[in-house]
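Enquirer: Need the 3D shape of this:
(chains A and B)
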Number of protein chains: 2
Amino acid sequence: MKQYTVAILGATGAVGTQMLECLNEQEFPVGKLKLLASARSAGKTVEFRGEQIVIEEACPEAFEGCDIVLGAAGDDIAKELLPEAVKRGAVVVDNSHAFRMDPEVPLVVPEINADDIKWHHGLIANPNCATIIGLVPTWPLHQLAGVKRMIVSTYQAASGAGAPGMAELEAQLAALGRGEEIPEPRAFAAQLASNLIPQIGGVKEEGFTSEEMKLQNEGRKIMHLPELRVNCTCVRVPVLRSHSESITLEFERDITAEEARVALAAAPGVKLVDDMSAEDAHERFPMPMDTSDQDLIWVGRVRRDISNPEAARGITFWCCGDQIRKGAATNAVQIAKLLCE
Amino acid sequence: MKQYTVAILGATGAVGTQMLECLNEQEFPVGKLKLLASARSAGKTVEFRGEQIVIEEACPEAFEGCDIVLGAAGDDIAKELLPEAVKRGAVVVDNSHAFRMDPEVPLVVPEINADDIKWHHGLIANPNCATIIGLVPTWPLHQLAGVKRMIVSTYQAASGAGAPGMAELEAQLAALGRGEEIPEPRAFAAQLASNLIPQIGGVKEEGFTSEEMKLQNEGRKIMHLPELRVNCTCVRVPVLRSHSESITLEFERDITAEEARVALAAAPGVKLVDDMSAEDAHERFPMPMDTSDQDLIWVGRVRRDISNPEAARGITFWCCGDQIRKGAATNAVQIAKLLCE
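Expert: Numbering: from 1, shown residues only, chains lettered A, B, ... in the order given. Presented below is the predicted three-dimensional model:
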């Protein structure tokens, strides 16, 4: 089996660290591994499959000889460095927002549009976390009945702001628990512990935020539905690393809750947890505490949208998924694996 | 000014205690005050306006001589005892679910349907907390453009499960903060700290819960809109005492986001906090940490529903309000004050 030289750009962040773990779990054929980060981290070592890998400072020359580069850096660094990797012959799977809407760049959720990988020109983009987690269960329902409208309210974890966001929430919870004063927030615009922050990203068109518009813009591109209409409200909640979404869908054709449940139970990447008669809450519906540190999107509370004027054209459900894994690292490594096939 | 003999049934719970505070704040003309609770609390004293009031055991005879009774007990006790108060000539404002859908009982949010108080037969019901908090800002928009459909996702605080719910969340946060094991949950079906629980109430029609159906059933009665269609998803979040709701409305007539904002800014019971250009997050949008222990429903993130097929017929917004105050005690005392006018 062919072995690949793989680099991770931004190897020390929450997503980069998880990518390393996913490469191992998904038994990725890694020949040589390069871990690239800022000058601050260069020289430190990280273990991978029993070997100590020295972190290198990210620079254009570092991509020499790489077959595959996984991007886990911010937009600016991605824009600056990843084209250098492509220039040197690598295929890049990038988790930043920098290239997602570029018409020359496929935007891929393997369960939905794996075929789009085929037309890449060196760069493939990984969608936004809330997009992946919302679309994986929407796709099988779309295949049944043709989705035309989504109304989504999110419950997004601290990990969406990276390791600093998680550390800030943990520090706030610790201070609360000890009855101490909560330190001044830095990663978030306000205290997150025991609170909700209904803004993620900057303000874009008509008062929607950048994060809210991603679900429509990326959703249209991934599902090949240029007319899809999405109304999204993104809210940060005091949860560590699983995003949850309350989703209402409107369809072109009739669909029952039971048909939706059957499709979801059979869908790749989905775990249906929807037994409201179960005694144990953990078997009744998905909760972030159960969906953290695993790769599936858990879906439950599947029901007919009783508010839809066309009785059988609406479905409402609840889903949860790990933001760092399927929302970022797992999806990127899945794409990379498909590249090797 | 006439003084009234007022009783609170369930005086020691979270809502009963708050009712006492609201009577004082709203300068209610209390002549004599009777605090009624279970045998367990009888004999204890509570201060009200400088006087020590001895808690009495709730029984039918305790209502003798009462003008107004505020009900803050559970459904069963409400059903058993409150008709006894009516029989003895009192007018009852009850916060339980027991009488809300009884066609002989007005269900009132003073900002919306104060006139319904006039046709009472001794009993007036206080709506569910999530209903009040969602409808106060929906009403002025309905008056502008005629609401026909609501899609709601809630973010409901621990206080909705009363004092035991709040105590449980606080104990869990304290354990988390100290790195100790989280005690077995009792008030909630699962751990709430750092988690979300997407079920409130028992399962009713088509998989919706009792809490989720209240918004439609109570909303129709309060707003006199028997055809109103509501799709609600109720989620418990690790917040202490403010409920938040992400609401999408569909209207009969055109309405712009700016018209909605103007109407909300002028609406009674509402505080518009919707300046996404403000530097301080606390001025940009409502957050539960800011809306606790005050009486208004704060509304923000007001925008056009870009997913509505009729371009100008949809509005989306976010609102927060104190669950124990306007969601329960404040609304009940407001009704009682109107009874005295």
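
Enquirer: Please work out how many residues are found near whichever residue of the stretch 101-250 of chain A sits closest to chain B.
Expert: Going by Cβ to the nearest Cβ, chain B is nearest to A:G177 of the stretch 101-250 of chain A, at 1.3 Å. Every residue, glycine included, has its C-beta placed from N, CA and C. Around A:G177 there are 21 other residues, counting by other Cβ atoms under 10 Å in any protein chain shown.

Enquirer: which residues does it contact?
Expert: By Cβ atoms under 8 Å, 6 or more residues apart in numbering or on different chains, the residues touching A:G177 are B:173-178.

Enquirer: By neighbour count, which of those residues wins?
Expert: With neighbours defined as other Cβ under 10 Å, the most crowded of those is B:L173; it has 25 neighbours.

Enquirer: Would you enumerate the residues in contact with that residue?
Expert: Neighbouring residues of B:L173 by Cβ under 8 Å, 6+ apart: A:173, A:176-177, A:193-194, B:193, B:238.

Enquirer: for it, helix, strand, or coil?
Expert: Reduced to three states with DSSP: H, G, I helix; E, B strand; the rest coil, the structure at B:L173 is helix.

Enquirer: Rebuild the contacts of B:L173 as CSV, extending it with distance to A:E250, secondary structure and pLDDT.
Expert: Shown next, in CSV, are these (distance: Cβ to Cβ, whole Å; DSSP: H, G, I helix; E, B strand; the rest coil; pLDDT from 0 to 100):
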residue, distance to A:E250, secondary structure, pLDDT
A:L173, 38, helix, 93
A:L176, 41, helix, 89
A:G177, 43, helix, 86
A:A193, 36, coil, 97
A:S194, 35, coil, 97
B:A193, 35, coil, 97
B:P238, 31, coil, 98
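
Enquirer: related to what we said a few turns ago, now, among the contacts of A:G177, which is nearest to B:E51?
Expert: Closest approach between the contacts of A:G177 and B:E51, by Cβ to Cβ: B:A174, at 35.1 Å.

Enquirer: Show me which pair in the contacts of B:L173 is furthest apart.
Expert: Farthest pair in the contacts of B:L173 (Cβ to Cβ) is A:G177 and B:P238. Separation: 12.3 Å.

Enquirer: where's the residue of the stretch 101-250 of chain A closest to chain B relative to A:E170, distance?
Expert: Here A:G177 is placed at a distance of 10 Å from A:E170 (Cβ to Cβ, to the nearest Å).

Enquirer: Now do the domain split for chain A, please.
Expert: Under the assignment automatic domain parsing, the domains of chain A span A:4-126+A:329-340, A:131-322.

Enquirer: for those, which one ends up most surrounded?
Expert: Ranked by average neighbour count under the criterion mean count of other Cβ atoms under 10 Å in any protein chain shown, the domains of chain A are headed by domain A:131-322 at a mean of 21.

Enquirer: Run the chain-centre distance for that one.
Expert: In this view, domain A:131-322 has its centroid 11 Å away from the chain centroid, taken as Cα atoms, centre = their mean, to the nearest Å.

Enquirer: Show me where chain A has its helices.
Expert: Using DSSP state H, the helices found in chain A span residues A:14-25, A:75-87, A:110-113, A:129-145, A:162-177, A:210-223, A:257-266, A:281-284, A:288-291, A:330-340.

Enquirer: closest one to B:P60 among those helices?
Expert: Comparing these by Cβ to Cβ, helix A:281-284 comes nearest, at 38.6 Å.

Enquirer: do stretch A:271-278 and chain B meet at all?
Expert: Yes - Stretch A:271-278 lies within reach of chain B by Cβ under 8 Å from any Cβ of the partner chain, at A:276-277.

Enquirer: which ones are touching A:A42?
Expert: Counted by Cβ under 8 Å, 6+ apart, A:A42 has contacts A:55-57.

Enquirer: ok, those residues vs chain B, which is closest?
Expert: For those, the nearest to chain B is A:I55 (29.9 Å; Cβ to the nearest Cβ).

Enquirer: could you list every residue that touches A:V108?
Expert: A:V108 is in contact with A:114, A:116-117, A:124-127, A:222, A:331, A:335, counting by Cβ under 8 Å, 6+ apart.

Enquirer: how much space between it and A:L135?
Expert: Distance from A:V108 to A:L135, by Cβ to Cβ: 11 Å.

Enquirer: intersection of neighbour lists for these two?
Expert: A:127, A:222.

Enquirer: rewinding a little: for the residue of the stretch 101-250 of chain A closest to chain B, which non-adjacent residue is spatially closest?
Expert: Using Cβ to Cβ, 6 or more residues apart in numbering or on different chains and skipping the chain neighbours, the partner closest in space to A:G177 is B:G177 (1.3 Å).

Enquirer: Run through the bridge partners of A:L107.
Expert: Beta-bridge partners recorded for A:L107 (DSSP bridges): A:A125.

Enquirer: confidence score at it?
Expert: Looking at A:L107, its pLDDT is 98.

Enquirer: so it makes contact with A:M223?
Expert: No - using Cβ atoms under 8 Å, A:L107 is not in contact with A:M223, being 10.3 Å away.

Enquirer: give the contact list for the closest residue to A:H142 other than its chain neighbours.
Expert: Counting by Cβ to Cβ, 6+ apart, A:H142 lies nearest to A:M223, which is 6.4 Å off, once chain neighbours are set aside. Counting by Cβ under 8 Å, 6+ apart, A:M223 touches A:112-113, A:135, A:138-139, A:142, A:147.

Enquirer: ok, what's across the strand from A:K32?
Expert: Applying DSSP bridges to A:K32 yields these beta-bridge partners: A:T5.

Enquirer: Distance of it relative to A:Q3?
Expert: When distance is defined by Cβ to Cβ, A:K32 is 8 Å away from A:Q3.

Enquirer: Can you name the residues of the stretch 51-200 of chain A that neighbour chain B?
Expert: In this structure, the stretch 51-200 of chain A approaches chain B at residues A:149-151, A:153, A:155, A:173-178, A:189-191, A:193-199, judged by Cβ under 8 Å from any Cβ.

Enquirer: Any part of stretch A:303-314 near chain B?
Expert: Yes - using Cβ under 8 Å from any Cβ, stretch A:303-314 reaches chain B at A:303-309, A:314.

Enquirer: pretty sure A:S244 is touching A:Y155, no?
Expert: Yes - using Cβ under 8 Å, A:S244 makes contact with A:Y155 at a distance of 4.1 Å.

Enquirer: any common contacting residues for these two?
Expert: Here A:S244 and A:Y155 share the contacting residues A:237, A:288, B:196, B:235, scored by Cβ under 8 Å, 6+ apart.

Enquirer: pretty sure the third one is touching A:S246, no?
Expert: No - when contacts are counted by Cβ under 8 Å, B:L196 is not listed as touching A:S246 (10.0 Å).

Enquirer: shared neighbours, those two?
Expert: Residues touching both B:L196 and A:S246 by Cβ under 8 Å, 6+ apart: A:155, B:235.

Enquirer: does A:V270 have beta-bridge partners, and which?
Expert: A:V270 forms beta bridges with A:I297, as assigned by DSSP bridges.

Enquirer: That one and A:L135, how far apart?
Expert: Applying Cβ to Cβ, the value for A:V270 to A:L135 is 11 Å.

Enquirer: now A:A329
Expert: Taking Cβ to Cβ, one finds A:A329 at 17 Å from A:L135.

Enquirer: For A:K2, the count of nearby residues, please.
Expert: When neighbours are counted by other Cβ under 10 Å, A:K2 registers 7.

Enquirer: Surely it is in contact with A:I68?
Expert: No - counting by Cβ under 8 Å, A:K2 stays clear of A:I68, with 11.3 Å between them.
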